[in-house]
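[1] Build me a model:
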Amino acid sequence: MEFEPVIGLEVHAQLKTQTKIFCGCATQFGAPPNTHVCPVCLGMPGVLPVLNKKVVSYAMKMALATQCTIAAESRFARKNYFYPDLPKGYQISQYELPIAEHGHIDIEIDGQTKRIGITRIHMEEDAGKLIHDPQQPQSRVDLNRTGVPLIEIVSEPDIRSPQEAGAYLRQLRAIVRYLGICDGNMEEGSFRCDANVSIRPRGSDTFGTRTELKNLNSFKHVENAIAHEIERQKDVLFDGEAVVQETRLWNVAKNRTTGMRGKEEAHDYRYFPDPDLLPLVIDEDWIETTQRELPELPTDKKERFIRDYQLPGYDAGILTGSRALADYFEDCVRNFPQPKTISNWIMGTLLGKLNAEGKTIEQSPIAASELADLLKLMDDGTVSGKIAKTVFEEMASTGKSAQTIIDEKGLTQVSDTSAIEAAVDDVLAKHPEEIKRYQEGNKKLIGFFVGQVMRATQGKANPKIVNEILAAKLS
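    Numbers count the residues shown, from 1 in each chain. Okay, here's the model as predicted:
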């Protein structure tokens, strides 16, 4: 029997507000344990939560960016469960009346566009963090994260492969970063994902028993965990057993999922409206104002790059992967209007260097205007493409401009015909056997002659002129 995976993702995005969702404590990451806390986020008796308006604004931006319908009235609810990192004994979330529902985003898989539905987006507070001591059997709790604002984005079960899950997650991350509402850092936990996975006979409309996967803190882990869980569930069914509804952890070291606990249902949390918080009412004026504040989003920007800059879809997809990278590209184009040349250099030379050094485009040692200046010098023949790569590396390590490096190191390209002709004559005089083979039909040897001339001129000769002189002398 052939099985089909059915996958839905629950994504938590930590919002980039200065203060928590219901109090004035800072949300800064990395502070000493239990220093960003107060009676409200610690759940002390007699305190009252006050909703942070910026959290609502950010949630609305995400809702509009994903084509969701924003509710005129939504409510906060108490999600009741006991865990050491939850000081109140409940989490303030939204349940029956979330802020937004019924949206979608489009992803691209193997050149095809697929629409993934979004069931709902709701606001909630984060829990604290348990720190397990590796030296002795005890744990400590850091409540700095308690009360940090989150939005949870719940997809429809429209995802059918680990690759689609990865593409959906990357697209969501790009959107929250374009909006400026979340930094998307999965390693720090500000962008987290749980995956619900089940399988069913292909062609069936009935869902199978699902498991929830946790501890997924990278795109690679999400894809690998889902792929493993699909195969595990197939093995269970082929053995004549039943898949158990449960929460499972992804074990990175062993490359497998392991059982954690039985999967809770909504009734297990005993949701009820929070009596300390009034219903949230959002009018049309606020929605319209928020809509006007939205930036150009990744999909729209990609389409514009293809249309206006005549870039291939692959290039446009890479360059619009982050807002900062797209801005860098367009800054270059404004200074040097040759989009494809710039795209090649950014995607190859620049991103290759940044990736090797573990840096982002925001940390680039070469500004967009400086890269454009280097490409101008290559375009007007001041330096060859090969020398330009050398100049690029020097720019990155010293911070000097391209022109300064060229002047200091004497790297200006030689375009003097007589000087190049002399170098060509010298090379030809040294390789009579190669000349004979070339004239007998081995035309690929032209590359050998060009290489010898470039070596003799230390890479400074203008390759176009070299080719022209060689062609004339060898004919």
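[2] which residues are in contact with stretch 234-254?
    Identification of contacts with stretch 234-254 by C-beta atoms under 8 Å, 6 or more residues apart in numbering yields 3, 198-199, 208-216, 221, 224-225, 228-229, 233, 257-264. All C-beta atoms are positioned from the backbone trio N, CA, C, and that covers glycine.
[3] among those, which ones are buried?
    By neighbour count, with 16 or more other C-beta atoms under 10 Å, the contacts of stretch 234-254 hold 3, 198-199, 208-216, 221, 224-225, 228-229, 233, 257, 263 as buried.
[4] Of those residues, which belong to strands?
    Within these, residues falling in strands by DSSP state E are Phe3, Ser198, Ile199, Thr211, Glu212, Leu213, Lys214, Asn215, Leu216, Thr257.
[5] Out of those residues, show me where the pLDDT dips lowest.
    In terms of pLDDT, Asn215 ranks lowest among those, with 77.
[6] where do the strands sit along the stretch 101-250 of the chain?
    112-125, 129-132, 139-142, 149-155, 191-201, 211-216, 246-251 (DSSP state E, counting those that start in this stretch).
[7] closest one to Pro463 among these?
    Across the strands of the stretch 101-250 of the chain, Pro463 has its closest neighbour in strand 112-125 (40.6 Å, C-beta to C-beta).
[8] how about the closest residue to Ala195 other than its chain neighbours, what does it touch?
    Leaving aside its sequence neighbours, Ala195 sits nearest to Leu213 (C-beta to C-beta, 6 or more residues apart in numbering; 4.4 Å). Leu213 is in contact with Asp194, Ala195, Asn196, Val197, Ala225, Ile226, Glu229, Thr247, Arg248, Leu249, Trp250, Thr257, counting by C-beta under 8 Å, 6+ apart.
[9] change it to 10 Å
    Contacts for Leu213 were tallied using C-beta atoms under 10 Å, 6 or more residues apart in numbering; they are 7, 9, 193-197, 221-222, 225-226, 228-229, 247-250, 257, 260.
[10] Can you tell me who it pairs with across the strands?
    According to DSSP bridges, the partner residues bridging Leu213 are Ala195, Arg248.
[11] Pull up the gap between it and Pro33, please.
    28 Å (C-beta to C-beta, to the nearest Å).
[12] again with Leu9
    In terms of C-beta to C-beta, Leu9 sits 31 Å off from Pro33.
[13] more crowded one of these two?
    Leu9 (27 against 14; other C-beta atoms under 10 Å).
[14] Am I right that that one is in a helix?
    No: if the criterion is DSSP: H, G, I helix; E, B strand; the rest coil, then Leu9 is strand and not within a helix.
[15] The closest residue to it other than its chain neighbours: neighbouring residues, count only.
    Using C-beta to C-beta, 6+ apart and skipping residues adjacent in sequence, the residue nearest Leu9 is Ser155, 4.8 Å away. The burial count assigned to Ser155 is 25, neighbours taken as other C-beta under 10 Å.
[16] And Ser155, what's its pLDDT?
    Value for Ser155, per-residue pLDDT: 97.
[17] Quick one: residues contacting it.
    Listed by C-beta under 10 Å, 6+ apart, the contact set of Ser155 reads 7-11, 103-105, 116-120, 165, 168-169, 172, 195-196.
[18] any idea how far Arg248 is from it?
    In terms of C-beta to C-beta, Ser155 sits 19 Å off from Arg248.
[19] try Lys16
    Per C-beta to C-beta, Lys16 is found 31 Å from Arg248.
[20] Neighbour count for these two, which is higher?
    Each of Lys16 and Arg248 has its neighbours counted (other C-beta under 10 Å); Arg248 has more, 24 against 18.
[21] Mind listing what's buried along stretch 373-381?
    Quick answer for stretch 373-381 (16+ other C-beta under 10 Å): Asp373, Leu374, Leu375, Leu377, Met378.
[22] okay, and the helix or strand of the chain with the least pLDDT?
    Using mean pLDDT, DSSP states H and E, strand 256-262 stands out as the lowest-scoring helix or strand of the chain, at a mean of 83.
[23] And the contacts of that strand?
    So strand 256-262 is in contact with 197, 211-215, 224-226, 228-229, 231-233, 244-251, 268, going by C-beta under 10 Å, 6+ apart.
[24] let's go with 8 Å and repeat that
    Contacts of strand 256-262 with the rest of the structure, by C-beta under 8 Å, 6+ apart, involve 211, 213-214, 225, 228-229, 232, 244-251.
[25] Give me the angle between that strand and strand 211-216.
    With axes from the mean of the first three to the mean of the last three C-alpha atoms, to 10 degrees applied, the angle from strand 256-262 to strand 211-216 works out at 110 degrees.
[26] Count residues in the vicinity of Leu319, would you?
    Using other C-beta under 10 Å, Leu319 is surrounded by 25 other residues.
[27] mind giving me the domain ranges of this structure?
    If you go by automatic domain parsing, the domain ranges for the chain are 3-289, 321-409, 417-474.
[28] so which of the ones you listed comes closest to Gly313?
    Short answer: domain 3-289, nearest of the domains of the chain by C-beta to C-beta, at 8.0 Å.
[29] you'd agree Asp373 is in a helix?
    Yes: Asp373: assigned to a helix according to three-state DSSP.
[30] what sits against the closest residue to it other than its chain neighbours?
    In space, and not counting its chain neighbours, Asp373 is closest to Ala402: 5.3 Å by C-beta to C-beta, 6+ apart. Neighbouring residues of Ala402 by C-beta under 8 Å, 6+ apart: Glu370, Asp373, Leu374, Leu377, Val391, Met395.
[31] Check Ala402 and give its pLDDT.
    We note a pLDDT of 94 for Ala402 in this prediction.
[32] Just the buried ones from the contacts of Ser155, in ChimeraX syntax?
    Buried subset of the contacts of Ser155, written as a ChimeraX selection, criterion 16+ other C-beta under 10 Å:
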select :7,8,9,10,11,103,105,116,117,118,119,120,165,168,169,172,195,196
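[33] residue ranges of the strands in the stretch 251-400 of the chain, please?
    256-262, 272-273, 280-281.
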